[in-house]
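A.B. asks: here is my input; please provide its structure:
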Amino acid sequence: MRRSDLKIGGLFFVISVAVKLPYLGTFLTIDEPRWIRGAGQFLMALRSGNLAETYWHFHPGITITWGEVIILWVQSWWAANATLEEFVKFQMDNLALSVGAMRLSGVLLTSLALPFVYVFAKPLLGKWPGILGVGLLAVDPFWVAHSRIVNGDALAAVLMIVSFLAFALLLNKPDYKWAIISGIFVGLSFLTKMPSQILIPLILMLSIIGYFKDRNWKFWLKALLLCGLTTTIVFIALWPAMWVAPIKTLRTMYVDTFEVGDIGGKDKVEFFLGVVREKQSLFFYPLALLFRLTPVNLVGLVLALGLFLRSKERLISAELKSKQAAALLALFILVVVILANVSPKKADRYALSVVLVVDLLAGIGWIWLIQKIMAAKKITINLTTITSLLIAGQLIFIFLNYPYVLTYYNPILGGYAKAVELVPVGWGEGLEQAAAWINSQPDGQEATISPYYENVTNHYLAGTSLDWPKDGKKQVLADYVVFYIAQTQRQLPYPGLVNYFRKQAPVYTIQYGETPYIWVYKRKRPIKPLIGEAQIVGRAQIVGYSQSETKLIPGNSAEFILYFLTKDQPLPDNEDFRVSLVDAQGNEHGMWQSAAENQWIPNAIVEWKGTLSLPASLPPEDYKLKVALIDTNINAEVTLFPFDDEIITLGP
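C.D. replies: Presented below is the predicted three-dimensional model:
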């Protein structure tokens with residue numbers, strides 16, 4: 001390896017780390033609590049010797065986890081008067097404080113892979129296409145965004161590229177060392193994240209191409225065996241669970257993939273082209289990935305396509321080499337997109353490696369255009385300058401999206417504002433701002449909050465954080481409800497709840513540019529939850545009530561609102577609800593008048609309003625609240641809600 005290649009690779013490492021460090025610990029994303037706690041479990045398993053417990057997820061996330069474990073271990077040296085167990089527990093309980101340090105694992109590991117990408121890409125693409133391609137990769141907003149959070153997608157993607165390029169070198173350099181090197185990176189990618197298994201058919205295809213090129217089947221068979229053997233050795237050597245319980249570990253991975261990971265797509269809803277659907281479209285990846293490109297690599301991709309479509313007769317030797325490299329990279333894209341579409345569970349990050357290959361293709365395309373211009377105009381263009389400018393042009397989009405680089409979407413397609421209309425967006429970024437705003441409110445320290453992605457907001461909220469149930473009960477009863485763009489796109493937990501809150505004005509909104517993506521709603525008045533058999537079978541559940549007056553007084557009236565979670569069946573026109581007070585002798589009191597604007601909506605949250613007028617002669621004592629469903633045609637009760645514990649005390 002030449003010293004100049006090491007310098008260039010080192011430069012890419014420095015650039016990559018530098019663009020990933022700003023604002024590193026300022027927010028959390030949805031998967032990070034699980035990944036960080038997985039590292040804590042891994043470290044404690046090493047400490048106790050229970051190596052089987054180093055399995056924490058089917059991903060399996062081991063490479064990123066090793067980085068986190070080393071960071072935790074080094075940090076623990078400076079932990080005053082704390083054992084390793086106490087220190088790790090504190091870090092796991094305070095993820096808002098520890099996330100920045102944990103993210104260094106992904107930052108450093110993804111950046112360390114770049115010199116290998118360049119060294120293996122250069123012989124295939126050529127020096128300048130390799131420099132520009134890897135330079136664009138180093139500052140690719142989509143890849144940088146995922147490299148600076150605790151998740152394996154970015155690392156798996158770049159490791160896939162390295163292993164593919166290393167094995168592809170066998171096509172021109174029949175040396176078994178490339179099969180071994182490729183196997184090392186295949187093993188590392190398998191240890192990182194599941195989509196990397198797509199490498200198996202890719203490497204098989206490279207072997208088939210090689211066989212048709214030289215007809216040496218023994219060489220390619222041995223290369224495959226060496227690659228597979230090396231992959232197996234790396235996979236076992238770096239995962240302690242495989243040392244002590246290999247069969248159990250692999251079996252658990254398989255089971256968890258379909259049960260925990262929900263690869264089968266059960267109970268999932270997807271969003272695409274503005275429509276909520278049960279299964280994601282086959283056109284999802286082409287559009288979602290197009291949104292993740294930049295103008296720089298998109299134009300470069302088009303230029304590379306132009307080179308690819310030119311006939312061999314019109315190409316010089318250097319261009320022919322670039323065309324062959326482009327063909328291999330195009331094969332990578334095609335296989336990844338096709339196989340990613342096989343899984344019912346789809347997300348743009350699962351095909352992140354495609355965007356990295358586009359960066360390499362863009363390097364080919366741009367350099368081909370520049371060299372064609374120089375040849376046609378008989379001029380000299382400083383390739384260092386033009387390459388630096390193109391890389392800087394891509395880098396700008398990272399700067400424009402700090403601290404949430406995840407919010408970058410292709411401005412040619414309309415950027416973030418258009419993306420929210422067409423493809424799934426949102427990883428939890430910005431929720432810490434919503435939590436800070438709620439904390440700053442007068443009631444923020446004592447409030448109950450039901451936030452979407454509560455596993456993120458829990459680490460920032462001072463009040464009591466509730467979960468996000470599918471029935472919507474806690475959302476109705478909470479003091480604050482936090483809606484998030486990824487939830488509203490998919491109308492979760494169900495459209496009726498989303499529509500109920502959207503009819504209200506949010507008290508706080510967070511926007512990206514002019515596009516809102518977080519909404520905070522505050523309950524207008526206290527809602528008293530009702531405990532008991534609060535069901536109308538097949539129709540609704542009553543979850544609580546509110547009243548306009550803090551204290552009811554005989555001779556006065558008060559507005560009541562009943563809060564229902566309705567089901568499929570409608571409410572007949574001849575049925576209504578009646579509220580009254582019941583004394584100790586079982587006598588009912590009060591005149592109830594339902595509001596004219598009441599409307600029963602199936603599968604929704606319904607507020608049923610009315611006025612309860614109390615006689616002036618009513619003694620100021622304790623009464624039970626009675627809610628009944630009545631048939632207005634015969635003035636008879638259809639269903640009674642026995643709220644025996646709900647006592648209302650009348651004032652003097």
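A.B. asks: okay, strands next: where are they in the stretch 451-600 of the chain?
C.D. replies: 464-465, 480-484, 508-512, 515-522, 528-529, 535-536, 540-547, 557-566, 575-582, 588-589, 591-594 (DSSP state E, counting those that start in this stretch).
A.B. asks: show me how far the second one is from its chain's centre.
C.D. replies: Spelled out, it's strand 480-484. 17 Å (Cα atoms, centre = their mean, to the nearest Å).
A.B. asks: please name the strands paired to that strand in the sheet, noting orientation.
C.D. replies: According to DSSP bridges, strand 480-484 forms sheet pairs with strand 448-451 (parallel), strand 515-522 (antiparallel).
A.B. asks: let's have the ones you listed in TSV, adding mean pLDDT, distance to A166 and mean neighbour count.
C.D. replies: Heads up, the C-betas are built off the backbone N, CA and C, glycines and all. Shown next, in TSV, are the strands paired with strand 480-484 (pLDDT from 0 to 100; distance: least, Cβ to Cβ, whole Å; neighbours: other Cβ atoms under 10 Å):
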stretch	mean pLDDT	distance to A166	mean neighbour count
strand 448-451	95	45	24
strand 515-522	97	40	20
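A.B. asks: longest helix in this protein, please.
C.D. replies: helix 95-125 (DSSP state H).
A.B. asks: list the buried residues in it.
C.D. replies: If you call a residue buried by 16 or more other Cβ atoms under 10 Å, then helix 95-125 has these buried ones: 95-96, 98-99, 101-125.
A.B. asks: returning to that earlier point: adding distance to G210, write the strands of the stretch 451-600 of the chain out as CSV.
C.D. replies: Formatted as CSV, the strands of the stretch 451-600 of the chain follow (distance: least, Cβ to Cβ, whole Å):
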stretch, distance to G210
strand 464-465, 56
strand 480-484, 48
strand 508-512, 47
strand 515-522, 48
strand 528-529, 69
strand 535-536, 68
strand 540-547, 65
strand 557-566, 62
strand 575-582, 76
strand 588-589, 88
strand 591-594, 79
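A.B. asks: for the ones you listed, which one sits closest to Y453?
C.D. replies: strand 480-484 (6.0 Å; Cβ to Cβ).
A.B. asks: now do the closest one, average pLDDT.
C.D. replies: Mean per-residue pLDDT for strand 480-484: 96.
A.B. asks: mind putting the strands paired with strand 480-484 in a markdown table, distance to K372 included?
C.D. replies: Listed next are the strands paired with strand 480-484 as a markdown table, based on distance: least, Cβ to Cβ, whole Å:
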| stretch | distance to K372 |
| --- | --- |
| strand 448-451 | 54 |
| strand 515-522 | 40 |
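A.B. asks: show me where the stretch 251-400 of the chain dips below the pLDDT cut-off.
C.D. replies: 260-267, 311-318 (pLDDT under 70).
A.B. asks: show me what the helix or strand of the chain with the lowest mean pLDDT pairs with in its sheet, parallel or antiparallel.
C.D. replies: Here the helix or strand of the chain ranked lowest by mean pLDDT, DSSP states H and E is strand 535-536, holding a mean of 74. Next to strand 535-536 in the sheet, as set by DSSP bridges, lie strand 540-547 (antiparallel).
A.B. asks: what's in contact with the partner strand?
C.D. replies: 471, 473, 476-477, 525-530, 534-535, 558-567, 579, 606, 625, 627, 641 (Cβ atoms under 8 Å, 6 or more residues apart in numbering).
A.B. asks: so the residue nearest to the spatial centre of the chain is in which element?
C.D. replies: Residue closest to the average C-alpha location in the chain (Cα atoms, centre = their mean): W427, at 4.1 Å. Using DSSP states H and E, W427 falls within no helix or strand.
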